[in-house]
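**Student:** Predicted model and sequence follow; I will ask about them next.
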Amino acid sequence: MKLEMSGARMAVLLVAGAAACGSGDDAPADAAGNMPNPGTPTTGEECFADLEAPVSGGFIEVQRFVADGGGLTLWRARRPGDRSAVGETFAYDLVRVWIDSADEDGTCVTDPSAMTYTFGHHNWAETWTVETAYALYTGRETFSVGPTESRWTDLLEAESSNGTVLSTVVLLDEGCESLPYDLNPCLARMRIDEAPEGWGQE
């Protein structure tokens, strides 16, 4: 799976959650009580390389964000889970997160126990968490419908192990795609994949 970066704008909030792989060895904790990330830094392409389209239907949606003003890149992947949902709402599960910043040097999170996902009606009020050795993050993706403009507001918050808020960041939409191509994912997002030749003609 080849993932390419792209550009555009929108926003995301993060605060809390689960486990990871990143950089750092036996360095001491910092003043906020955070431990450096173990393991080897990865690129987003490496972290997401083994994601494959579901064999028996469904899809995986990959969304990329960058911090407004730079300094942080985040990719998240989600797919419909087994929980019940009503109407046109997907009971998503978070399946992978990659964070790259001054504090998270290519951190790839794959452990399901390190991630949570809470979905809202129409998937317009999503909250998910991911925990690394550095911080507990919470992501909030909120879609607002207005008379003249409808938009996503995406925010990111990082919290240390002792509860100190390390940062709150507005993220911009860097592109969305799905495996396999499907019309349901990436709604109102900047799509960077295209329907394969012959798609929808069966």
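**Tutor:** Yes, it's here.

**Student:** any idea whether the residue nearest to C186 when sequence neighbours are not counted is helix, strand or coil?
**Tutor:** Excluding its sequence neighbours, the residue lying closest to C186 (C-beta to C-beta, 6 or more residues apart in numbering) is C176, at 3.8 Å. (Each C-beta comes from the backbone N, C-alpha and C, glycine too.) Secondary structure, DSSP: H, G, I helix; E, B strand; the rest coil: C176 is strand.

**Student:** now swap in the one 10 residues further on and tell me
**Tutor:** When classified by three-state DSSP, C186 comes out as coil.

**Student:** Tell me if I'm right that the residue nearest to C186 and A188 touch.
**Tutor:** No: in this structure, C176 is not within contact of A188 by C-beta atoms under 8 Å, at 9.5 Å.

**Student:** Between these two, which has more neighbouring residues?
**Tutor:** When neighbours are counted by other C-beta atoms under 10 Å, C176 and A188 differ, and C176 comes out ahead with 21 against 14.

**Student:** Just the pLDDT for the more buried one.
**Tutor:** For C176, the pLDDT comes out at 98.

**Student:** ok, it to M115 distance?
**Tutor:** Counting by C-beta to C-beta, to the nearest Å, the separation of C176 from M115 is 19 Å.

**Student:** so what pLDDT did R83 get?
**Tutor:** As predicted, R83 sits at a pLDDT of 89.

**Student:** re earlier: for the residue nearest to C186, which residues count as its bridge partners?
**Tutor:** Q63, R191 (DSSP bridges).

**Student:** how about it, what does it touch?
**Tutor:** Shown in contact with C176 (C-beta atoms under 8 Å, 6 or more residues apart in numbering): 61-64, 185-186, 189-192.

**Student:** Quick one: residues contacting the most centrally placed residue in the chain.
**Tutor:** Closest to where the C-alpha atoms of the chain average out (C-alpha atoms, centre = their mean) is R76, at 2.2 Å. Listed by C-beta under 8 Å, 6+ apart, the contact set of R76 reads 62-63, 65, 94, 96-98, 128, 130, 139.

**Student:** Please tabulate those in JSON lines, including the columns neighbour count and distance to E149.
**Tutor:** Putting the contacts of R76 into JSON lines (neighbours: other C-beta atoms under 10 Å; distance: C-beta to C-beta, whole Å) gives the following:
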{"residue": "V62", "neighbour count": "25", "distance to E149": "26"}
{"residue": "Q63", "neighbour count": "25", "distance to E149": "21"}
{"residue": "F65", "neighbour count": "27", "distance to E149": "20"}
{"residue": "L94", "neighbour count": "24", "distance to E149": "28"}
{"residue": "R96", "neighbour count": "22", "distance to E149": "31"}
{"residue": "V97", "neighbour count": "29", "distance to E149": "29"}
{"residue": "W98", "neighbour count": "29", "distance to E149": "30"}
{"residue": "W128", "neighbour count": "26", "distance to E149": "25"}
{"residue": "V130", "neighbour count": "30", "distance to E149": "30"}
{"residue": "G139", "neighbour count": "27", "distance to E149": "22"}
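
**Student:** Of those residues, which belong to helices?
**Tutor:** Applying DSSP state H to those, no entry is found in helices.

**Student:** quick check, nearest of the residues you listed to D154?
**Tutor:** Taking C-beta to C-beta as the measure, D154 lies nearest F65 of the contacts of R76, at 6.3 Å.
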